[in-house]
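Novice: I'd like to go over a predicted model; first the sequence, then the structure.
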Amino acid sequence: MAAPGTEPDPSTTAPDGPPSGGAEPTPGPTAAPYRKLYRSPHSRMLGGVAHGLAVHLRLPVAWVRAAFVLLFFANGLGVLLYAAFWFVVPIGIDEPAPQGPFQRYLWVDGQFVPADTVGVMPDPLTKGERGRLARLRDLLQGAFQGEPLVAGQPPAARPGGAASRQNLGQLAALLMLVIGVMALLNVLNIQSSQPYTWPLLAIGVGVALVWRQADDSRWQRWFGLEGGGKRRSAFVRVGAGVLLVTIGIIGFLILQGAGSTVASVIEASLAVLAGVLVLTGPYALRMWQDLAAERTARIRAQERAEIAAHIHDSVLHTLTLIQRRSEDPKEVQRLARAQERELRLWLYRPEAAAEAAPDTLAERLREVVAEVEDRHGVPVELVCVGDCPMDDRIAAQMQAAREAMVNAAKYGGGGPVQVYAEVEGRTVSVFVRDHGPGFDPDTVPEDRMGVRESIIGRMKRNGGTARVRPAPDGGTEVELEMERAADD
Amino acid sequence: MTDAVSGAAGEGGPVGVPPAEGSGRVARVVLVDDHRMFRTGVRAEIGRTETTGIDVVGEADDVESAVRVVAETRPDVVLLDVHLPGGGGVEVLRRSTAVMGEPGGVKFLALSVSDAAEDVIGVIRGGARGYVTKTITGTDLVNAIFRIADGDAVFSPRLAGFVLDAFAATDTPPVDEDLDRLTQREREVLRLIARGYAYKEIAKQLFISVKTVESHVSAVLRKLQLSNRHELTRWATARRLV
């Protein structure tokens, strides 16, 4: 099936458009050494065969589909071909979403154009048509693979998003499909001459449904970590498929005139089935477990690789720097502290905090603390209770807190500076404490601006309060209190 | 590890070696940590029995050996690393309790490089009597060990912050959950701990005795262990910790 290396690198032969001339020349993909034939997991109707072929042959997917439909009327050759492709060609699970000429083609202004060049509105059909067609397509898509056709569209955006309604819709679509094909066959007078068409068709659709469901990429979702909704709908689809096949077989038997023996046939098949299950059950279970174990191992390996990469990027480099500068204890301490902070953040920070907008009180405080630690070489321990978005007044408070920390770092005797911030309702309090000799604010001369202006004055101007007092067992504590701005 | 930078920080007591509270008595300690370097360092720092009053009677480097060593030696205090091969500190706590019956006089002090909320809260709720990070000084660690040995709880500022954070969202108390709520006083004590006050300083600040401070802290610890209900669950869920 695959034709590796038979074609020149498409990136070097950019202007060579689709051979049939349907589409205008399009830029080739940037990195594709050779193209293998895969079934496409993206935007497929059934097995992705048509799309995969279209991508491989650089033809508009509609053409390929039309070819299959046409071949269907040549004694069903199209179906056979499609089934053969489906069976033999692997699905491109890791294949990225199609780019450039691998994109879906659309019929615009008398020519085929890759869908992504059309712009934001990828479907050139008019509103009304699009509505009906899209819904039908979605229903079909849902029936066969349980997800909307347009890859980028979240499932929630589908009309009638509730899971139960979805399942109903899929079954309805399936039934409609069967009935439609029946009607078509009746019109073409195939039905009357070939009485087995009905059951055969039922079997075919059922098999397609089950196959489609058990497709490689689906397995992952099936046995993956995802919630029950998806899995249930999968079971519903498989159940419907099995039911269809069963009905088809029974119908077949009845048409063959073996109606009276149907019961005994079913009994016999059930017995055989049970026997097979008993025999192969343990193996299947073992296989399943192996699969799960392998999956876990792979995930772990990936995680380890990521950690290794990070440690290499940050920790090892810092350690090298430290070795080089071992004669400068201050610099070594600074490096070690910065590295510890970064690694700690990376290892232990809850994801929720990492995802949150960086402009919050806790985030800002962390920055300030890091900066003071680095610049003055004194450890600053931060404890932050609660969090809130920044505003002008809080920003002023942060500046005052920074000043207080700098003071504590400079005059605090080298011991760790402790910072405690709390958001309580609308009030934000920050305490900065050192373990230095302490000082009496009243004895500070008038011309020293640090505490008086940068801390107390700044807080006052912005509507807050600041107190500087000696801590009980030596050292100084600065308390900053500020009301948050009214509008948030 | 134990750093030489900071001076008389933290849990009170003068800098230097002498065991302020252990005068004359010796605390038997087991070290559980999977890094041999760290165990060696801690042993060198606090293990000089005649000066610090601490006798390191055993070491273990994973859950299996930790449970065995603790059951064999029955120390006063176990210094317990949170991340261990074989299930972590929580697992040691669980299985030790199972082996020895209700604590059996052995108390656990978590000593970890991690100050992530889930580690701290998890090991405290598992039954540890305190939690300190590995950046603690030798002196502070000795003090903490004796405090734990006396049946008290040791809260680092950060742990106090976590507790406050956990209980902060529940200012409107549910009717029958008195046990899970912090009293005003306990909250005050925790806030002072979070601000970097030593127990002695807190006593001075609030005009109560150190014993009272310690009983407040123990009460908080008890509530923390008992509150398997709303607060912590909700708090942890909100942070995707569970």
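Specialist: That came through fine.

Novice: so which helix or strand takes in residue 200?
Specialist: Picking chain A for this. In this assignment (DSSP states H and E), A:Leu200 forms part of helix A:197-213.

Novice: let's do chain B instead
Specialist: Secondary structure from DSSP H and E places B:Lys200 in helix B:199-206.

Novice: just A:Val432 next, same as before
Specialist: Per DSSP H and E, A:Val432 falls inside strand A:427-433.

Novice: beta partners of the spatially most central residue of chain B?
Specialist: Most central in chain B under Cα atoms, centre = their mean is B:Gly130, positioned 1.2 Å from the mean C-alpha point. Residues in a beta bridge with B:Gly130, per DSSP bridges, are B:Leu109, B:Val154.

Novice: Check A:Val380 too.
Specialist: As for beta bridges, A:Val380 partners with A:Val417 under DSSP bridges.

Novice: Give me the local confidence score for it.
Specialist: Note for A:Val380: predicted pLDDT of 88.

Novice: if I look at it, how far off is A:Leu244?
Specialist: Relative to A:Leu244, A:Val380 is positioned 69 Å away (Cβ to Cβ, to the nearest Å). Yep, even glycine has a C-beta here, placed from its N, CA and C like the rest.

Novice: Please apply the same query to B:Ile121.
Specialist: For B:Ile121, the distance to A:Leu244 equals 53 Å [Cβ to Cβ].

Novice: so where is chain B shaky, pLDDT-wise?
Specialist: B:1-24, B:101-104, B:168-180, B:226-242 (pLDDT under 70).

Novice: residue contacts, the closest residue to chain B within the stretch 201-350 of chain A?
Specialist: Scanning the stretch 201-350 of chain A for proximity to chain B using Cβ to the nearest Cβ identifies A:Tyr348 as nearest, at 3.5 Å. For A:Tyr348, the contacting residues are B:114-116, B:119, by Cβ atoms under 8 Å, 6 or more residues apart in numbering or on different chains.

Novice: could you redo these as a markdown table and give each row neighbour count, secondary structure and distance to B:Ala149?
Specialist: Supplementary listing: the contacts of A:Tyr348 in a markdown table, determined by neighbours: other Cβ atoms under 10 Å in any protein chain shown; DSSP: H, G, I helix; E, B strand; the rest coil; distance: Cβ to Cβ, whole Å:
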| residue | neighbour count | secondary structure | distance to B:Ala149 |
| --- | --- | --- | --- |
| B:Ser114 | 19 | coil | 24 |
| B:Asp115 | 22 | coil | 23 |
| B:Ala116 | 17 | coil | 27 |
| B:Asp119 | 21 | helix | 23 |
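
Novice: Tell me what angle the longest helix belonging to chain B forms with helix B:199-206.
Specialist: Taking DSSP state H as the assignment, the helix of chain B that covers the most residues is helix B:210-226. Angle of helix B:210-226 versus helix B:199-206, following axes from the mean of the first three to the mean of the last three Cα atoms, to 10 degrees, is 110 degrees.

Novice: How many residues are close by the residue of chain B at minimum distance from chain A?
Specialist: As assessed by Cβ to the nearest Cβ, chain A sits closest to B:Gly196 within chain B, at 3.1 Å. In terms of burial, B:Gly196 registers 27 neighbours under the definition other Cβ atoms under 10 Å in any protein chain shown.

Novice: swap in the one 5 residues further on?
Specialist: Taking other Cβ under 10 Å as the neighbour definition, B:Glu201 ends up with a count of 22.

Novice: Tell me the spacing between the residue of chain B closest to chain A and A:Arg375.
Specialist: Computed with Cβ to Cβ, the distance linking B:Gly196 and A:Arg375 is 21 Å.

Novice: ok, now A:Thr261?
Specialist: Plainly put, A:Thr261 is 92 Å away from A:Arg375 if you go by Cβ to Cβ.

Novice: Can you tell me how far A:Glu403 is from B:Gly196?
Specialist: From A:Glu403 to B:Gly196 the distance is 18 Å (Cβ to Cβ).

Novice: hmm, back to that, of B:Ile121 and A:Leu244, who's got more company?
Specialist: Under the neighbour definition other Cβ under 10 Å, B:Ile121 and A:Leu244 were set side by side, and A:Leu244 has more, 24 against 21.

Novice: Excluding chain neighbours, what is closest to the more buried one?
Specialist: A:Gly206 (3.1 Å; Cβ to Cβ, 6 or more residues apart in numbering or on different chains).

Novice: Is A:Gly474 in a helix, a strand, or coil?
Specialist: Taken by DSSP: H, G, I helix; E, B strand; the rest coil, the conformation at A:Gly474 corresponds to coil.

Novice: what sits against it?
Specialist: Counting by Cβ under 8 Å, 6+ apart, A:Gly474 touches A:435-438, B:8.

Novice: Could you check the pLDDT of it?
Specialist: Taken from the predicted model, the pLDDT recorded for A:Gly474 is 78.

Novice: And A:Arg237, by the same measure?
Specialist: Checking the pLDDT column for A:Arg237, the value is 74.

Novice: What's the local residue count around it?
Specialist: A total of 24 residues lie near A:Arg237 under the criterion other Cβ under 10 Å.

Novice: what about B:Arg129, neighbour count?
Specialist: Burial of B:Arg129 is recorded as 23 neighbouring residues (other Cβ under 10 Å).

Novice: And the one 5 residues further on, by the same measure?
Specialist: The number of residues packed near B:Lys134 is 19, by other Cβ under 10 Å.
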